[in-house]
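K.L.:
predicted model, plus sequence, below.
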There are 2 protein chains.
Amino acid sequence: MLEKSAYSVGSVSRALNLVDHIINAPHEGLTLSEIMRETKGSKSATFALLRTLIDHGYLRITEPGPRYLPGMALIRLGDLASARDPIASISRSILNDLSVKTGLTVRIARNDNGYPVFIERVDGPGMVRFFTPLGVRELPHISSVGKAILAQLPNEQIRQIAEESGLAARTPKSITTVSKLMTDIRKVRVRGYAVDDEEDAQGVFCVGAAFFDHSGSCAGGISATGIKTDLSAEKVEKLGKLVFKHAEIITKALGGRTKSRSQ
Amino acid sequence: MLEKSAYSVGSVSRALNLVDHIINAPHEGLTLSEIMRETKGSKSATFALLRTLIDHGYLRITEPGPRYLPGMALIRLGDLASARDPIASISRSILNDLSVKTGLTVRIARNDNGYPVFIERVDGPGMVRFFTPLGVRELPHISSVGKAILAQLPNEQIRQIAEESGLAARTPKSITTVSKLMTDIRKVRVRGYAVDDEEDAQGVFCVGAAFFDHSGSCAGGISATGIKTDLSAEKVEKLGKLVFKHAEIITKALGGRTKSRSQ
DNA sequence: ATGTCCGTTCGGTATTGCCGAACAGTGTTC
DNA sequence: GAACACTGTTCGGCAATACCGAACGGACAT
């Protein structure tokens, strides 16, 4: 349920809320009555909104006992948005490459003002598909990509972001203080890659590195994620260098150059 | 520009048309004035609609000289819709598997009343990414999956679909008459897989097979696509059997059983 | 300095999207 | 089998509200 800002069109906002509502519903879909109650709208109004969304393919309807489900247009738009995103489209084959080499799940994030937004994912073979949504702003201190991106910013801005996002813990190993974050960031700057050692989820590790665009500013980060079984220090280092190397490949593909220490 | 049906909400329809308009625009994005002219809306109205779409993440705006681009929510919704689709989510690893084995681009389509709608794609390594959009209804007679799906229907229904969709040609080898289509369909039924030999695009071949759900009805099809270099008959047969086998794997994964010749 | 483009803001009008009630199916319960 | 309790669908009427057009202000070019 999003807050409306100035110059917002009510019915459109309600319609998009319905899409969100339905995509977060159980797999069998929802009935009109359920939707109408849960979103506190009138029957006829939500009916009209749902109809409109169906006309555009945003929703579809199951055959007997009409239940509403996500429609094909969402897949279409997601695919097109991904294809039109220079970062996502350029790096898809590079992600695949890294996933094959490491056997891990590989993801790429766009830098959204210091926050990582994952936009593409390649699952490792037989990987436990642990759920990682795309297209949402993530907390920067909790993932390796997040820290890799933060490391490219001036210290002052890192502190500011840490303050506004809050250093919430997800596991006992999560970073929760600014000072700890800064020591880790320093390590990232030396190594060139960031490590998330069970800071986001228990038993899961993650190694990430940043890449840059033509202006030399950090465009995003790439990371490899896996289960933490016999994770020796040298293995991490080897993986880190590999991830870093692939980040450099993306930088080149973007026509970018490695960070011009602008700070 | 979609036609409106009964009980449609105008402003929502207009907003979704804007999304479509922007996602089919050049990579740099569009300005408000351009959008307003091309969609024949007033400046302030389209401004409000765009604002609403931005609030929900469907669009984003570039920093200087505001231009409108597809937003992260589209990627988010596409990913969720794909994850919530039983066919797409179950078969992702199977697609990957087939793509690695063959080195080809592999796609999967849902059966939408006889028409194929591709919902997932795994590009082969170093593949010429020839553009294949997801989430749109395709012509059934022009692709191998389309024909594989058609082959599961009673002849009468095939003729009906052929008539209503029209047998448009894309290459000199395209099937354009119902009788030719039916002879090809007969072959598909014998072999278990369908072949598209440069019928969709010159120099491109494609092999597809159907899979089934728990009720025994055709849920969709899977296909492997590649460039037509030295395509010997035995190679096609080998590939066809491999694709067919993977279709069977999907059928099993869906808890389905192979077509109970209900006709 | 004048021009033209852009995006943003704002008030007034009538369009139109919302409501509520009535209708029509479907299956469940007694 | 009839009553009920649910569904989804349709429709008329009122008022909210989404649209329009005009005015403002900033950025460039001419």
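P.N.:
All right, it came through fine. Everything numeric in this text was worked out from a predicted model, so none of it was measured.

K.L.:
list the contacts for the most centrally placed residue in chain A?
P.N.:
With distances taken as Cα atoms, centre = their mean, chain A has A:F118 as the residue nearest its mean C-alpha position (2.4 Å). Taking Cβ atoms under 8 Å, 6 or more residues apart in numbering or on different chains as the definition of contact, the neighbours of A:F118 are A:R107, A:I108, A:A109, A:R110, A:T132, A:P133, A:L134, A:G135, A:V136, A:E138, A:V145. Using the backbone N, CA and C atoms, a C-beta is placed for each residue, glycine as well.

K.L.:
so how far is A:P140 from the nearest residue to A:S144 once chain neighbours are set aside?
P.N.:
Setting aside the residues directly before and after it, A:S144 is nearest to A:G208 in space (Cβ to Cβ, 6 or more residues apart in numbering or on different chains), at 3.3 Å. For A:G208, the distance to A:P140 under the criterion Cβ to Cβ, to the nearest Å works out to 11 Å.

K.L.:
common neighbours of those two, please.
P.N.:
When contacts are counted by Cβ under 8 Å, 6+ apart, A:G208 and A:P140 are jointly contacted by A:G146, A:K147.

K.L.:
these two: who's more crowded?
P.N.:
With other Cβ atoms under 10 Å in any protein chain shown as the criterion, A:G208 and A:P140 differ in neighbour count, and A:G208 comes out ahead with 31 against 26.

K.L.:
over to that one: give its phi and psi.
P.N.:
phi -140, psi 160 (degrees, to the nearest 10).

K.L.:
may I have the beta-bridge partners of it?
P.N.:
Judged by DSSP bridges, the bridge partners of A:G208 are A:A194, A:S223.

K.L.:
tell me if I'm right that it and A:G192 touch.
P.N.:
No: distance between A:G208 and A:G192: 10.6 Å, which falls outside the contact criterion (Cβ atoms under 8 Å).

K.L.:
residues contacting the residue of the stretch 151-263 of chain A found nearest DNA strand D?
P.N.:
Residue nearest to DNA strand D within the stretch 151-263 of chain A: A:S215 (16.7 Å; Cβ to the nearest atom of the strand). If a contact means Cβ under 8 Å, 6+ apart, then A:S215 has A:G256 as its contacts.

K.L.:
pretty sure A:N155 sits against A:M182.
P.N.:
Yes: between A:N155 and A:M182 there is a contact at 6.9 Å, judged by Cβ under 8 Å.

K.L.:
which one of those two is surrounded by more residues?
P.N.:
For A:N155 versus A:M182, neighbours defined as other Cβ under 10 Å are more numerous around A:M182 (16 against 12).

K.L.:
in a helix, that one, correct?
P.N.:
Yes: inclusion of A:M182 in a helix is indicated when DSSP: H, G, I helix; E, B strand; the rest coil is applied.

K.L.:
give the other helices and strands that the host helix or strand of A:R37 contacts.
P.N.:
Here A:R37 sits within helix A:32-38, counting by DSSP states H and E. In terms of contacts (3 or more Cβ pairs under 8 Å, 6 or more residues apart in numbering or on different chains; DSSP states H and E), helix A:32-38 is packed against helix A:10-23, helix A:43-55.

K.L.:
pull the number of nearby residues for A:K228.
P.N.:
Counted with other Cβ under 10 Å, residues neighbouring A:K228 total 13.

K.L.:
could you do A:Q202 as well?
P.N.:
A:Q202 is flanked by 11 other residues according to other Cβ under 10 Å.

K.L.:
give me every residue that touches the residue lying closest to it once chain neighbours are set aside.
P.N.:
Nearest in space to A:Q202, with sequence neighbours left out and distances taken as Cβ to Cβ, 6+ apart, is A:T171 at 5.4 Å. Each residue near A:T171 by Cβ under 8 Å, 6+ apart is listed here: A:E198, A:E199, A:D200, A:A201, A:Q202.

K.L.:
and A:T171, how close does it get to A:D196?
P.N.:
With distances taken as Cβ to Cβ, A:T171 is found 10 Å from A:D196.

K.L.:
the stretch 1-150 of chain A against DNA strand D: which residues are in contact?
P.N.:
Within the stretch 1-150 of chain A, the positions lying close to DNA strand D (Cβ under 7 Å from any atom of the strand) are A:8-11, A:31-34, A:43-44, A:47, A:66-67.

K.L.:
report the buried residues of stretch A:21-36.
P.N.:
Counting neighbours by 16 or more other Cβ atoms under 10 Å in any protein chain shown, one finds that the buried residues in stretch A:21-36 are A:H21, A:I22, A:I23, A:A25, A:G29, A:L30, A:I35, A:M36.

K.L.:
mean confidence score for that stretch?
P.N.:
Within the predicted structure, the mean pLDDT of stretch A:21-36 is 91.

K.L.:
centre of the chain to that stretch, how far?
P.N.:
A distance of 25 Å separates the centroid of the chain from that of stretch A:21-36, by Cα atoms, centre = their mean, to the nearest Å.

K.L.:
understood, closing this out.
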